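K.L.:
Quick one, fold the following:
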Amino acid sequence: LLDVKMPNMDGIEAIGKLKSDYPDIRVLILTMYDDEHFILHLMEAGASGYLVKNTDPEEIKKAIHAVVENGYYFSDLVSSVMLKTLVSKNIAKPKFKPEIKLTDKEKEVLQLICAEHTNAEIGQKLFLSPRTIEGIRSSLLERIGVRNTAGLVLYAVKQGIYKEGEG
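P.N.:
From the prediction side, this is the model:
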């Protein structure tokens, strides 16, 4: 759990250092800043989720559990900022690997990831174990050439695999 503005280092620097030292670490941002530039830069830096400090305590609890279980949490604010940015094309085009052929199962898992389902929920819907879903997620990260779940979501939206309101 990390804030954006801290005395010795800002959140973006802190995430960079944490990810460098501990690549699998999950970082949930809890801050007073709801500016889309902060959100986009921190998600791009590798944040697993982003919440503002006036968030309901139950949602904070839900976010912590989602980050632990799933690896990410996108609040409504983060989802809308990311989708708005994608639609307006204000971000640099990611360097996805060309012509990736995803199976129907991979597309289905990707759609459910975008809809914020946990590995357990996805497994239950698709009659697969959460470990299998975790393996599919890892494979997607590697094949698509992105570093985190935010990258998977960007890819899915850009490729038309996921549209807001699905899942």
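K.L.:
Can I take it that residue 42 is in a helix?
P.N.:
Yes. Counting by DSSP: H, G, I helix; E, B strand; the rest coil, residue 42 is part of a helix.
K.L.:
tell me which element the residue nearest to it when sequence neighbours are not counted is part of?
P.N.:
Leaving aside its chain neighbours, residue 42 sits nearest to residue 29 (5.4 Å; criterion: C-beta to C-beta, 6 or more residues apart in numbering). (Each C-beta comes from the backbone N, C-alpha and C, glycine too.) Assigned by DSSP states H and E, residue 29 falls within strand 28-31.
K.L.:
how about that strand as PDB, C-alpha atoms only?
P.N.:
Taking Å, rounded to 0.1, in the frame of the first residue of the first chain, the C-alpha atoms of strand 28-31 are listed here in PDB:
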ATOM      1  CA  LEU A  28      -1.800  -0.700  -4.400                       C
ATOM      2  CA  ILE A  29      -1.900   3.100  -4.500                       C
ATOM      3  CA  LEU A  30      -4.000   4.900  -2.000                       C
ATOM      4  CA  THR A  31      -3.800   8.700  -2.500                       C
END
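K.L.:
Run through the neighbouring helices and strands of that strand.
P.N.:
strand 49-52, helix 57-70 (3 or more C-beta pairs under 8 Å, 6 or more residues apart in numbering; DSSP states H and E).
K.L.:
So what pairs up with the residue nearest to residue 42 in the strands?
P.N.:
residue 2, residue 50 (DSSP bridges).
K.L.:
show me what contacts it?
P.N.:
The contact partners of residue 29, by C-beta atoms under 8 Å, 6 or more residues apart in numbering, come to 2, 3, 4, 11, 42, 47, 49, 50, 51.
K.L.:
mind checking how far the nearest residue to the last one once chain neighbours are set aside is from residue 47?
P.N.:
Sequence neighbours aside, residue 30 is the residue nearest to residue 51 in space, at 5.1 Å (criterion: C-beta to C-beta, 6+ apart). Separation of residue 30 from residue 47 (C-beta to C-beta, to the nearest Å): 11 Å.
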